[in-house]
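Peer 1: Return a 3D structure for these sequence lines:
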Amino acid sequence: MPKFKTLDDLPADLTGEVALVRVDLNLPMKDGSATDVTRVEAVRPTILELAGRGAKVLMLAHFGRPGGQRSSMLSTSMVVGDVEEVLGEEIMFIPELTGPVVAQSVGILRSGDIGLLDNTRFWPGEEANDPNFAQAIAANGTLYVNDAFSAAHRAHATTEGLAQFLPAYAGRSMEAELKALDAALGTPQQPVAAVVGGAKVSSKLAVLEHLVGKVQHLIIGGGMANTFLAARGVNVGKSLCEHELADTVARIMDEADLAGCTVHLPYDVVVATEFAANPASLRTCNVHEVAADEMILDLGPQATEALADVLKTCRTLVWNGPLGAFETEPFDTATVALARTAAALTQDGSLISVAGGGDTVAALAQAGVTGDFTYISTAGGAFLEWMEGCVLPGVAALEA
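Peer 2: Next up is the predicted model:
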């Protein structure tokens, strides 16, 4: 695992320090307030610890995609109330990122106070990772903490550039994420299983190609499984399927064979002639019995049970993507059942389970097991790029 500094490497008393902390406050909003504050809850321990140790804390965050232009609707001032509620602390909003306004605000803040700077993406230098811009931000701080793994796949001024100008540390959320990811694919306990689901193989080609060399069991679900089945000559009817990727899928299966990785595809499936909640045409059949006017919408009970048996032989699980069209009942059955198996094995202490990605988080919440996995990452793009084996600039910048 790469070596990086954490808050434990800082002095106990941080009085006199100004901590620039990159956080993820890109919250979903409705009628002026956040509908989900999970991301604020994730950074709460870091912010309160730094403030509690006497530092002046300045939070850096982006909000939406303003494209280097100021926009009142995309100011981070929109989330101040939600952040104050989660932190239980008053926050000073600072409508700049660099310069005398920030310097004056730092002068007004007392030891242990917290400020929030405006949307980092209002300035073109952020996404361009302009070193002069990063240096101008750094001028108002004495140390840099990155607690936004979800933005770590981007080499921006506040995710990567600041680490070039200030002593850099991983926040508590980032630290937990990196330790969990290392346990899942860096130095995992074997055998390792990966569940990869979702609609399209094309969006996860790099993930699949990386995983076949890393895991012993690759479980394919969702629309992706239809593409794998079709590549094996199975008629998948009207199912969502990327027939043009047959050669690519065949190559991935050959690579899996060479690497000693078993690819698990369903042999019984849940089908219907229309995609709707509890359709009249709903039935379960063998994959070789899918009619021309039917579509595969979930894994069948036998396949789900067989996958549960696979997980019972494994020590580590990485999960990204649902097994079926989980948003619509009853096509969430396989995802919920396998998630509950994984959760039970984790609680027994026999499985380390790490999951990530937006759909995955929603599916596990639906199964009621969010608190029972070893670790659930709320990062979307960063989690996928990590599964692809990519170096994440925001993480690399923290390496000691």
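Peer 1: contacts and neighbour counts: CA atoms only from here.
Peer 2: OK.
Peer 1: just the helices in the stretch 1-150 of the chain please.
Peer 2: For the stretch 1-150 of the chain, the helices defined by DSSP state H, counting those that start in this stretch cover 38-52, 80-87, 100-108, 124-127, 131-138.
Peer 1: looking at those helices, which is closest to residue 66?
Peer 2: helix 124-127 (9.7 Å; C-alpha to C-alpha).
Peer 1: on contacts alone, who are the packing partners of the closest one?
Peer 2: Where contact means 3 or more C-alpha pairs under 8 Å, 6 or more residues apart in numbering; DSSP states H and E, helix 124-127 is packed against helix 131-138.
Peer 1: Could you tell me how many residues sit around residue 330?
Peer 2: 18 (other C-alpha atoms under 10 Å).
Peer 1: Over to it. Which of the three states is it?
Peer 2: Put simply, residue 330 is coil when judged by DSSP: H, G, I helix; E, B strand; the rest coil.
Peer 1: Tell me where the stretch 251-400 of the chain has helices.
Peer 2: Listed in chain order, the helices of the stretch 251-400 of the chain (DSSP H, counting those that start in this stretch) span 301-312, 333-348, 358-366, 381-387, 393-396.
Peer 1: Redo those as CSV? Include distance to residue 160, mean neighbour count and mean pLDDT.
Peer 2: Converted to CSV, the helices of the stretch 251-400 of the chain look like this (distance: least, C-alpha to C-alpha, whole Å; neighbours: other C-alpha atoms under 10 Å; pLDDT from 0 to 100):
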stretch, distance to residue 160, mean neighbour count, mean pLDDT
helix 301-312, 37, 17, 98
helix 333-348, 34, 21, 97
helix 358-366, 24, 20, 87
helix 381-387, 14, 20, 88
helix 393-396, 5, 21, 94
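Peer 1: Nearest to residue 141, out of those helices?
Peer 2: Each of the helices of the stretch 251-400 of the chain has some distance to residue 141 by C-alpha to C-alpha; the shortest is helix 393-396, at 18.3 Å.
Peer 1: CA atoms only: put the closest one into PDB for me.
Peer 2: What follows is helix 393-396, C-alpha atoms only, in PDB (Å, rounded to 0.1, in the frame of the first residue of the first chain):
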ATOM      1  CA  PRO A 393      -3.900  12.000  -9.200                       C
ATOM      2  CA  GLY A 394      -5.400  13.100  -5.900                       C
ATOM      3  CA  VAL A 395      -4.100  10.000  -4.200                       C
ATOM      4  CA  ALA A 396      -0.700  10.000  -5.800                       C
END
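Peer 1: Redo the helices of the stretch 251-400 of the chain as CSV? Include distance to residue 209.
Peer 2: CSV is the format used below for the helices of the stretch 251-400 of the chain (distance: least, C-alpha to C-alpha, whole Å):
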stretch, distance to residue 209
helix 301-312, 21
helix 333-348, 23
helix 358-366, 20
helix 381-387, 10
helix 393-396, 21
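Peer 1: for those, which one sits closest to residue 130?
Peer 2: Evaluated with C-alpha to C-alpha, those place helix 393-396 nearest to residue 130, the distance being 14.5 Å.
Peer 1: What is the distance between the closest one and the centre of its chain?
Peer 2: Helix 393-396 sits 15 Å away from the centroid of its parent chain (C-alpha atoms, centre = their mean, to the nearest Å).
Peer 1: Going forward, the N-terminal residue is numbered 51.
Peer 2: Okay, using 51 as the starting number, the last item reads as helix 443-446.
Peer 1: Which secondary structure elements does that helix sit against?
Peer 2: Taking 3+ C-alpha pairs under 8 Å, 6+ apart as the contact cut, helix 443-446 packs with no helix or strand.
Peer 1: who's in contact with it?
Peer 2: 196, 199, 201-205, 209-210 (C-alpha atoms under 8 Å, 6 or more residues apart in numbering).
Peer 1: just checking, which of these belong to strands?
Peer 2: If you go by DSSP state E, these have residue 196 in strands.
Peer 1: Let me know the closest of the contacts of helix 443-446 to residue 231.
Peer 2: residue 199 (11.2 Å).
Peer 1: what about that closest one, how many residues close to it?
Peer 2: 30.
Peer 1: ok, now residue 134?
Peer 2: Residue 134: 15 surrounding residues under other C-alpha under 10 Å.
Peer 1: can you pull the contacts of the nearest residue to residue 224 once chain neighbours are set aside?
Peer 2: Counting by C-alpha to C-alpha, 6 or more residues apart in numbering, residue 224 lies nearest to residue 197, which is 4.9 Å off, once chain neighbours are set aside. The contact partners of residue 197, by C-alpha under 8 Å, 6+ apart, come to 71-74, 93, 96, 220-224.
Peer 1: Now do the same contact list for the closest residue to residue 67 other than its chain neighbours.
Peer 2: Excluding the flanking residues, the one nearest residue 67 by C-alpha to C-alpha, 6+ apart is residue 105, at 5.0 Å. Applying C-alpha under 8 Å, 6+ apart, we find residue 105 in contact with 64-69, 161-163.
Peer 1: Filter the residues you listed down to just the buried residues.
Peer 2: For those, a neighbour count by 16 or more other C-alpha atoms under 10 Å gives the buried set as 64-65, 67-69, 161-163.
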